[in-house]
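Chemist: show me how the following folds:
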Amino acid sequence: MNQNDIYIIYGNTPRTMIMELLNRIKPELKIEAGFRIGIKPNLVVAKPAESGATTSPRLVAGVIEYLQSRGLNNISILEGSWVGERTPRAFQACGYEELSKRYGVPLIDLQKDSYHEYEVDGMKIQICDQVLELDYLINIPVLKGHCQTKLTCALKNMKGCIPDSEKRRFHTLGLHRPIAALNKVIKEDLILVDGMMGDLNFEEGGHPVEMNRILAARDPVLVDCYGATLIGYDPAEIPYLQLAADLKVGSNDLAKANIIELKNEHKPSGTLHAVKFQGYKQYIEEREACSACYGSLVHALERMKEHDSLGKVKSKLYIGQYFKDKQFDGVGIGSCTRGFTRCVRGCPPKARDIVEYLEGNNSD
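Modeler: The predicted structure is shown next:
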């Protein structure tokens, strides 16, 4: 498998699809006996893959079976869920506890891991130790949208490899530059993109779209650029793709991509569509908000739309770490806005609490 290759297999059986894909690209040729192999899925929240938020355990099962059948048994699954979620809860809800028992593969909670600081392009970044101790890293992100960066795929999935305090700091830095720098330190040896069922607009799921495909690549920038086009974005709309290319993490020149399609007869017809959340921006003043907090607010506004009660929001809703310790006459969302005259607290706040507050006419 060459650096510019992007393999795509189509179908609706992730375990058998990934086995066929791996048989084609033969990753074991790059893995020496005794190598410590790490599998990094996307288990950002405790929701099953069918929600469009998390990596399918059936896909990961196929990867483990393939590796073990070739005598490669030093395998672990590593993840650190987002701030506000406990990784063990996500392991259980997403089917990974069962996977661990069935195949004898340990689960590593990176929220509890030690970490060290690294410097990239003048930026200091804290990264969990066990990720950088691996000999071979298999990144298995979900191809899906993101309410702040538009896309989350291979590059952004590495954000689960930093401590929670650093995840918060990434948001204060605007996400794009630190995501690019993070991937300069963490090297992915193989990327297997779960494109079976993804929410094309929101990282927490809820509006899943059947895409019925798995992608394999070695270049995280190139596969992310291709993934962006699949869900309707020009890669130039996503700043961290250019920033990562500038740091020589990979190439953002899609003209160089060698697309190799397998099982083309199962290729879905038509284009991918998603429910768009852009209409909610008129209600939100967001500055340096963590994804979990922002996601709760989006969920709340969705519920209010269903209740036909969005008209109760009479003024901007302020959210984000920028507002911490600031005094302001307005409605704040999340504990960072506790200095506001009105505030729905929580880190992150519950969508239900936001709805109850706003529907109680407290936003006037």
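Chemist: could you list the buried residues of the host helix or strand of Ala244?
Modeler: Ala244 is part of helix 239-246 when elements are defined by DSSP states H and E. Neighbour counts using 16 or more other Cβ atoms under 10 Å place Pro239, Tyr240, Leu241, Gln242, Leu243, Ala244, Ala245 of helix 239-246 among the buried residues. Yep, even glycine has a C-beta here, placed from its N, CA and C like the rest.
Chemist: redo those residues as JSON lines? Include pLDDT.
Modeler: Below are those laid out as JSON lines (pLDDT from 0 to 100):
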{"residue": "Pro239", "pLDDT": "96"}
{"residue": "Tyr240", "pLDDT": "96"}
{"residue": "Leu241", "pLDDT": "97"}
{"residue": "Gln242", "pLDDT": "97"}
{"residue": "Leu243", "pLDDT": "98"}
{"residue": "Ala244", "pLDDT": "98"}
{"residue": "Ala245", "pLDDT": "98"}
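Chemist: redo these as a markdown table? Include distance to Lys326.
Modeler: Below are these laid out as a markdown table (distance: Cβ to Cβ, whole Å):
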| residue | distance to Lys326 |
| --- | --- |
| Pro239 | 26 |
| Tyr240 | 28 |
| Leu241 | 33 |
| Gln242 | 32 |
| Leu243 | 29 |
| Ala244 | 33 |
| Ala245 | 36 |
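Chemist: of all those residues, which comes closest to Asp5?
Modeler: Ala245 (17.7 Å; Cβ to Cβ).
Chemist: tell me how far the residue nearest to the closest one when sequence neighbours are not counted lies from Val221.
Modeler: Nearest residue to Ala245 in three dimensions, chain neighbours excluded: Asn252, at 4.0 Å (Cβ to Cβ, 6 or more residues apart in numbering). Separation of Asn252 from Val221 (Cβ to Cβ, to the nearest Å): 5 Å.
Chemist: okay, and the common contacts of the two?
Modeler: Both Asn252 and Val221 are contacted by Leu241, Ala244, Ala245, under the criterion Cβ atoms under 8 Å, 6 or more residues apart in numbering.
Chemist: if I pick the second one, what's in contact with it?
Modeler: For Ala244, the contacting residues are Leu155, Ile179, Ala180, Asn183, Lys184, Pro220, Val221, Gly250, Asn252, taking Cβ under 8 Å, 6+ apart as the criterion.
Chemist: what do you get for Val331?
Modeler: By Cβ under 8 Å, 6+ apart, the residues touching Val331 are Ser315, Lys316, Leu317, Tyr318, Phe340, Arg342, Cys343, Val344, Leu358, Asn362, Ser363.
Chemist: would you list those residues in JSON lines and tack on neighbour count and pLDDT?
Modeler: Converted to JSON lines, the contacts of Val331 look like this (neighbours: other Cβ atoms under 10 Å; pLDDT from 0 to 100):
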{"residue": "Ser315", "neighbour count": "13", "pLDDT": "87"}
{"residue": "Lys316", "neighbour count": "14", "pLDDT": "90"}
{"residue": "Leu317", "neighbour count": "23", "pLDDT": "92"}
{"residue": "Tyr318", "neighbour count": "24", "pLDDT": "92"}
{"residue": "Phe340", "neighbour count": "18", "pLDDT": "93"}
{"residue": "Arg342", "neighbour count": "18", "pLDDT": "91"}
{"residue": "Cys343", "neighbour count": "21", "pLDDT": "93"}
{"residue": "Val344", "neighbour count": "27", "pLDDT": "93"}
{"residue": "Leu358", "neighbour count": "25", "pLDDT": "91"}
{"residue": "Asn362", "neighbour count": "13", "pLDDT": "52"}
{"residue": "Ser363", "neighbour count": "18", "pLDDT": "46"}
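Chemist: in helices only, show me those residues.
Modeler: Residues of these located in helices (DSSP state H): Leu358.
Chemist: and which of the contacts of Val331 is nearest to Gly174?
Modeler: Tyr318 (17.6 Å).
Chemist: hey, what's the closest one bridged with?
Modeler: Glu285, Gly332 (DSSP bridges).
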